[in-house]
Each structure stands twice: as C-alpha cells, then as structure tokens.
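K.L.:
Predicted model and sequence below, questions to follow.
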Amino acid sequence: MTATLALRYTLGLDLGKLADYTALAVAEERAEGTRPHPDPQRFGVVPAWSKDPDYALPWLERWPLQTPYHTIAEEVARRVADLAGRPGVEVALFADATGVGTAVIEMLAAQPAIRALKRRFAPVTITAGHETTRGWDRWHPWYHVPKKELVGSAQVALQRHKLKVAASLPEAATLTNELRTFEVKITESAHATYAHRDGAHDDLVLATALALWGAAHTPTAPTVTVITDFAAQVRRGGRL
C-alpha cells in the first residue's frame, strides 16, 4: 500500500473584535517522502515529515472590520472544505479564542467541514504567561499559549528562512509591515512581551503565528506498536 498523504495545510485564524481585523493564514508543509509504518502489513508506508520543516504561506486573508462572525465561520469552513477535498492532503485549524467568547468558537465548530477535522480543530487562548497547557472541550483540544511563544514561532521561522511568503499575495506587503511594527518590550521583571505599536495592527502576524505554531502541534495518528512477546514486554516494564 502506498501512502498518498503528501501535504499538510495548517490554518491560523486570528479573530478580531470591533476595532480589529480578522485574518486567516495558511501554512503548507510537504512530506519528504515515505517511511514504513510500525505495522506495515496493515498500513504499508506513511509520510515522512521533517523534524525541522520548511513552510510556504500560500494564502493570507483579512476581512473588513466588523464582518459578522457567522460570515467568517462560513468562509473559513469553505476554505477548509476546499483544502480537505484535495487528494493527499491533511488539514488542521487553530483559531484564536482570546476574548471572543465560546459562542464564536461554537459557530466554527458547528460548520460540518470544521467539525470533520475532529481533534485537528483547536481553539487557542493567547495568554501573557509562560506555560502552554492543553485541555479538551468535548471532541477537540483547547490550548492556552503564551503570546511570546506564538510570535516566537513566526519570528524564528522568518529569521531561519524556513518560511516562504508568496509575494503575489495581496496581503503579503501588509504582513511584512506588521512584522516591522511588532515590538519586543522587556518588562521590569526582565520578561519579554510582544505587542504592536500604537495605531498598528497585528492580525496577520498572529494568524501566521497560529498557523506555524499549530503546524508543530497538530495531533497525529497514534503509532501502532506490534507486541510479539507479551511476557518480555511486561518484564521490561512496558505497558499496552
């Protein structure tokens, strides 16, 4: 059996409030090839993903101010359905849940294309803390992630030339400008904080950061371990 999965698309959705834009970024990762599955008789080969991947950013989108959330949910669902309908593709969606309330997340989760993602749909509450945590809300995970960790993922990818942004994208120049106006501030307690300058927006930066962070944290199918000698496995302290 030959694996057909060759592309991962991770969508990052920064949900804006009254004075903020809502933005969507799509990060693309290509498999390096294939490798044998631990249970090759059942699953054959599976995609081989790099531990230090390069990403492309084939899509950036920003909605006009005060676009209704139900419109955004429907349009994001259409984008998810379009990508998920392509052969050899896996899709995940990481949506900013900071300050918008659970009702907006439920609007997204109610869309059939997004619900079909199952645990590859994950709301993210952005915090000012230092620790990432994960909980569960019924059928999907819910993360709490420090803003410095999110933004750091985008900054590191850009600094290491691991992210390619298509110059032809209408919002590419806007993203570049947002990155330029993003500031790192050191607090009195020597902690770094990240914020955009007064009068500037950071929606595309956060959408891109959500996509890149999400690409590194998307749940994968569990590895199947074939145990041929149960007694030896127990003696080694192994567990099923």
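P.N.:
Right, received. Where do you want to start?
K.L.:
where does this structure have low pLDDT?
P.N.:
1-4, 181-200, 219-240 (pLDDT under 70).
K.L.:
Look up the closest residue to the residue sitting nearest the centre point of the chain, ignoring the ones flanking it.
P.N.:
For the chain, the residue nearest the mean C-alpha position is residue 214 (2.5 Å; CA atoms, centre = their mean). Once flanking residues are discounted, residue 214 sits nearest to residue 94: 3.4 Å by CB to CB, 6 or more residues apart in numbering. All C-beta atoms are positioned from the backbone trio N, CA, C, and that covers glycine.
K.L.:
Same check on residue 208?
P.N.:
The shortest distance from residue 208 to any residue other than its chain neighbours is 4.3 Å, reached at residue 25 (CB to CB, 6+ apart).
K.L.:
Repeat that for residue 30.
P.N.:
Closest residue to residue 30 apart from its sequence neighbours, by CB to CB, 6+ apart: residue 7 at 5.9 Å.
K.L.:
need the helices for the chain, in chain order.
P.N.:
Using DSSP state H, the helices of the chain run over 40-43, 69-84, 102-109, 112-115, 147-159, 172-181, 203-217, 230-235.
K.L.:
Just give the nearest non-adjacent residue to residue 115, would you?
P.N.:
Nearest residue to residue 115 in three dimensions, chain neighbours excluded: residue 109, at 6.0 Å (CB to CB, 6+ apart).
K.L.:
For the residue nearest to residue 214, give me its contacts.
P.N.:
Shown in contact with residue 94 (CB atoms under 8 Å, 6 or more residues apart in numbering): 10-13, 122-124, 143, 210-211, 213-214, 217.
K.L.:
Could you work out the end-to-end span of stretch 42-49 for me?
P.N.:
Across stretch 42-49, the terminal residues are separated by 20 Å (CA to CA, to the nearest Å).
K.L.:
try stretch 81-90
P.N.:
Using CA to CA, the end-to-end distance of stretch 81-90 comes to 11 Å.
K.L.:
Please identify the buried residues of it?
P.N.:
Across stretch 81-90, burial judged by 16 or more other CB atoms under 10 Å covers 83, 84, 89, 90.
K.L.:
ok, now how distant is residue 89 from residue 8?
P.N.:
Using CB to CB, to the nearest Å, one obtains 8 Å as the distance from residue 89 to residue 8.
K.L.:
picking up where we left off before, quick one: the contacts of residue 94 as TSV, columns for distance to residue 56 too.
P.N.:
Formatted as TSV, the entries for the contacts of residue 94 read as follows, by distance: CB to CB, whole Å:
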residue	distance to residue 56
10	11
11	14
12	14
13	18
122	21
123	25
124	22
143	24
210	16
211	11
213	16
214	15
217	19
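K.L.:
Identify, from those, the entry nearest to residue 65.
P.N.:
Checking the contacts of residue 94 against residue 65 by CB to CB gives residue 13 as the nearest, at 16.1 Å.
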